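> Quick one, structure for this:
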Amino acid sequence: MNEQVLFSNVEESIRLVLNTEAGEITPESKLVADLGAESIDFLDISCELEKFVDRELDFKEVMTDLRVKQGEEVKDLTVQNIVDYLMVQ
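Residues are numbered from 1 along each chain as shown. Prediction:
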């Protein structure tokens, strides 16, 4: 799966859970700060993504991986962070 298709799948999953308008989600969109995601939404997003990528997404794992790469604490994920993580998995 190429990055553009994966982004579309991630975007669609987030849009369905958060009831956002088409085009409102960009790679730079932050899940909490920009899109208003709450803790329960992360589980729902993971379940929606599973339909496209055949596995659940563990957001704690994504944040840990990002923290290791950046060398600092991560407080919010961007849509691109999720896409990047899934590309290497």
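
> Could you measure from L66 over to N19?
26 Å (C-beta to C-beta, to the nearest Å). All C-beta spots, glycine's among them, are computed from the backbone N, C-alpha and C.

> quick one, which of the two is more surrounded?
Shown here are L66 and N19; by other C-beta atoms under 10 Å, L66 has more neighbours (18 against 7).

> Hmm, the more buried one is touching V74, no?
Yes: at 4.8 Å, L66 and V74 qualify as touching, with contact defined as C-beta atoms under 8 Å.

> got any residues that touch both of those two?
Contact criterion C-beta atoms under 8 Å, 6 or more residues apart in numbering; residues shared by L66 and V74: none found.

> Test my guess that Q80 contacts P27.
Yes: the pair Q80 / P27 is scored as a contact, 3.9 Å apart, by C-beta under 8 Å.

> where do the contact lists of those two overlap?
Common neighbours of Q80 and P27 (C-beta under 8 Å, 6+ apart) are F7.

> For burial, what's the neighbour tally of Q70?
10.

> repeat for A33
For A33, the neighbour count with other C-beta under 10 Å is 11.

> for I82, same thing?
25.

> pretty sure it contacts V10?
Yes: between I82 and V10 there is a contact under C-beta under 8 Å: 5.3 Å.

> what pLDDT does F42 get?
We have a pLDDT of 96 for F42.

> Equivalent analysis for F59, please.
94.

> Please apply the same query to V88.
Per the predicted model, pLDDT is 87 at V88.

> Please report the distance of it from L43.
23 Å.

> higher neighbour count, the two?
Taking neighbours as other C-beta under 10 Å, V88 and L43 compare with L43 leading, 13 against 6.
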